[in-house]
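Colleague: Sequence first, predicted model second:
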Amino acid sequence: MAATVIDGAAVTREVYAQLEERVAALGRMNVRPGLAVCLAGDNAASKIYIRNKVRACNGAGIHSEIHPFDADCPQDVLLAALDKLNRNPRVHGILVQLPLPAQLDAELVTNAIAPEKDVDGMTRHSLGALVAGHPLHEPCTPRAVMALLDHAGIAIDGREAVVVGRSAIVGKPMALMLMARGATVTVCHSRTPDLARHARRADILVVAAGRARLVTADMVKPGAAVLDVGINRIAGQGIVGDVDYAGVREIAGWITPVPGGVGPMTIAMVIANTVRAAERSAAVSAA
Ligand code: GUN
């Protein structure tokens, strides 16, 4: 039987409806959540991501501001701007869109964001808090995957989860978040011999490898939940995921499409983290 398709766009609409109520409650306290996005250079994909995030802010009644920097912007200039945003009370969340131009140290720049405003969950502080089991802001993509699993009613506790990909922003935090919910987690990556052997054990298979259609039907346990984080642009075919959707759909129990699965939910989680940051700051100032 074909898998149940987890419709990210539909779930996202529900998330926005809940956020609307929280934004309204903040409004009654004269607080409007604000997100600042820093973009250095003119990477085409980054511009699309940012446009989508700004659109989402507008839809959710959140203030957003884009801070553009030249492609040859000196690091000091970007760091000074981040310092100002860190101290700006109208800004509750800050994103530095990646990738950055080569002369900028992405690690150093990202870590200049104040922990309470790190709505991407990318700083060492946020990742360390997650490891310690006391998350502040969780990275948006793994948070989106968790929310989709929960929405579909997929059990996590006691299940076998396999994460394909070991990046600091998706694979590693994903493994930690699944582990925190009681899954037994295996992390596979580009150096894993026999990926299929591991993947076939998964009740929950999260694929964030950055390789188009890497996971095929023969690598999936019948009935498994398959969550595809990949976004691969292929000439003449548009955007495809890291999972061979047509084949895996016949085997899996649940599957997320690309586009329209994890992607829209990830943007909703940026907004959710910004609203939460505003709520925390309102609680601090009310205390
Ligand atoms: N570039 C691609 N995806 C992301 C993301 O989620 N956050 C940031 N800051 N940059 C990105």
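Modeller: Perfect, I can see it now. In this text the structure is predicted, and so the values were computed from the model without any measurement. Residues are numbered from 1 along each chain as shown.
Colleague: Could you use CA atoms for every contact and neighbour count after this?
Modeller: Noted.
Colleague: Quick check: the residue nearest to the spatial centre of the chain vs Ala147, distance?
Modeller: Centroid check for the chain by Cα atoms, centre = their mean gives Thr141 as the closest residue, at 2.0 Å. Noted for Thr141: a distance of 10 Å to Ala147, by Cα to Cα, to the nearest Å.
Colleague: Can you tell me how far the nearest residue to Pro142 once chain neighbours are set aside is from Gly236?
Modeller: Distances taken as Cα to Cα, 6 or more residues apart in numbering put Met174 closest to Pro142, at 4.9 Å, once the chain neighbours are dropped. Look at Met174 and Gly236: by Cα to Cα, they are 32 Å apart.
Colleague: between the two, who's got more neighbours?
Modeller: Met174 (30 against 6; other Cα atoms under 10 Å).
Colleague: What lies in contact with the helix or strand encompassing the more buried one?
Modeller: Using DSSP states H and E, Met174 sits in helix 171-180. Residues outside helix 171-180 that contact it (Cα atoms under 8 Å, 6 or more residues apart in numbering) are 127, 130-131, 133, 138-139, 142-143, 146, 156, 161, 163-166, 184-187, 208.
Colleague: Identify the bridge partners of Ala161.
Modeller: Beta-bridge pairing for Ala161 (DSSP bridges): Val185, Ile204.
Colleague: Count the residues that sit near it.
Modeller: The burial count for Ala161: 27, using other Cα under 10 Å.
Colleague: mind listing what it touches?
Modeller: Ala161 touches 178, 183-186, 202-206, counting by Cα under 8 Å, 6+ apart.
Colleague: Can you tell me which of those residues has the most neighbours?
Modeller: Ile204 (30 neighbours).
Colleague: thought that residue was touching Asp228?
Modeller: No: look at Ile204 against Asp228 with Cα atoms under 8 Å: they stay out of range, at 11.0 Å.
Colleague: just to revisit the earlier point, which one among the contacts of Ala161 gets closest to Thr274?
Modeller: Leu178 (22.7 Å; Cα to Cα).
Colleague: the strands in the protein, which residues?
Modeller: 4-5, 34-40, 63-69, 93-96, 160-164, 184-188, 204-207, 225-228, 232-234, 238-240, 254-255 (DSSP state E).
Colleague: so which of the ones you listed comes closest to the ligand?
Modeller: strand 93-96 (4.7 Å; Cα to the nearest ligand atom).
Colleague: got the buried residues for that closest one?
Modeller: By 16 or more other Cα atoms under 10 Å, the buried positions in strand 93-96 come out as 93-96.
Colleague: Kindly reformat those as CSV containing distance to the ligand.
Modeller: Putting the buried residues of strand 93-96 into CSV (distance: Cα to the nearest ligand atom, whole Å) gives the following:
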residue, distance to the ligand
Gly93, 11
Ile94, 9
Leu95, 5
Val96, 5
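Colleague: The residues you listed into a markdown table, with extra columns for pLDDT?
Modeller: Putting the buried residues of strand 93-96 into a markdown table (pLDDT from 0 to 100) gives the following:
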| residue | pLDDT |
| --- | --- |
| Gly93 | 98 |
| Ile94 | 98 |
| Leu95 | 98 |
| Val96 | 98 |
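Colleague: Tell me which two of these sit farthest apart.
Modeller: Largest pairwise distance in the buried residues of strand 93-96, by Cα to Cα, is 10.4 Å, between Gly93 and Val96.
Colleague: Ile251 and Arg200 touch, don't they?
Modeller: No: counting by Cα under 8 Å, Ile251 sits too far from Arg200 to count as a contact (11.2 Å).
Colleague: start to end distance for stretch 209-225?
Modeller: Start-to-end, stretch 209-225 (Cα to Cα) is 17 Å.
Colleague: Next one: the residue nearest to the centre of the chain, what pLDDT does it get?
Modeller: We have a pLDDT of 98 for Thr141.
Colleague: Excluding chain neighbours, give the residue nearest to it in space.
Modeller: Nearest to Thr141 is Thr266, by Cα to Cα, 6+ apart, at 5.0 Å.
Colleague: show me what contacts the one you found?
Modeller: 140-141, 143-144.
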